[in-house]
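In: no FASTA, just this:
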């Protein structure tokens, strides 16, 4: 689990369930997000935004290696970027917390906690504290015994 605050207006908690096999292969089995962004005007749109944020955070944790080339990010388009493929995206659940108050925005709040929740789940499963993203599965293979 990990929590975060975005622009002092929106609050999020993300829970990640992971599986790590004996070879250190990591699979995120499920992501659950509880999001409080004040009064929700369009729940379907906020849920969709949160789901996109969860996938973005999943990519940060598992695959984003955006190398710099000539002082710029190397990939010139999404087609070249290391984003998660559909088979890497686990079931996603978004719970909107209606705590009232003015709408606070839901733009990127879930990104704040997603990669950290995955790292915390890996720590719980393997004892390895993740200190850099993307997660080095070679490091997990060295420490996983089952």
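Out: Thanks, I have it. None of the values given here were measured: they were computed from a predicted structure.
In: How are the helices of the chain distributed by residue range?
Out: For the chain, the helices defined by DSSP state H cover 43-62, 111-126, 137-143.
In: Please work out which of these is packed deepest.
Out: helix 111-126 (a mean of 22; mean count of other CB atoms under 10 Å). Bear in mind the C-beta positions are built from the backbone N, C-alpha and C, glycine included.
In: Tell me what angle it forms with helix 43-62.
Out: Orientation check (axes from the mean of the first three to the mean of the last three CA atoms, to 10 degrees): helix 111-126 against helix 43-62 gives 50 degrees.
In: Could you name the helices and strands sitting against helix 111-126?
Out: Where contact means 3 or more CB pairs under 8 Å, 6 or more residues apart in numbering; DSSP states H and E, helix 111-126 is packed against strand 2-6, strand 10-20, strand 26-36, helix 43-62, helix 137-143.
In: To residue 91, which of those lies closest?
Out: Evaluated over those, closeness to residue 91 peaks at strand 26-36, with 5.2 Å, by CB to CB.
In: Okay, angle between that closest one and strand 2-6 too, please.
Out: For strand 26-36 against strand 2-6, the angle by the same axes, to 10 degrees is 50 degrees.
In: Could you dump the helices of the chain into a markdown table with distance to residue 100 and mean pLDDT added?
Out: Listed next are the helices of the chain as a markdown table, based on distance: least, CB to CB, whole Å; pLDDT from 0 to 100:
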| stretch | distance to residue 100 | mean pLDDT |
| --- | --- | --- |
| helix 43-62 | 15 | 94 |
| helix 111-126 | 21 | 95 |
| helix 137-143 | 42 | 77 |
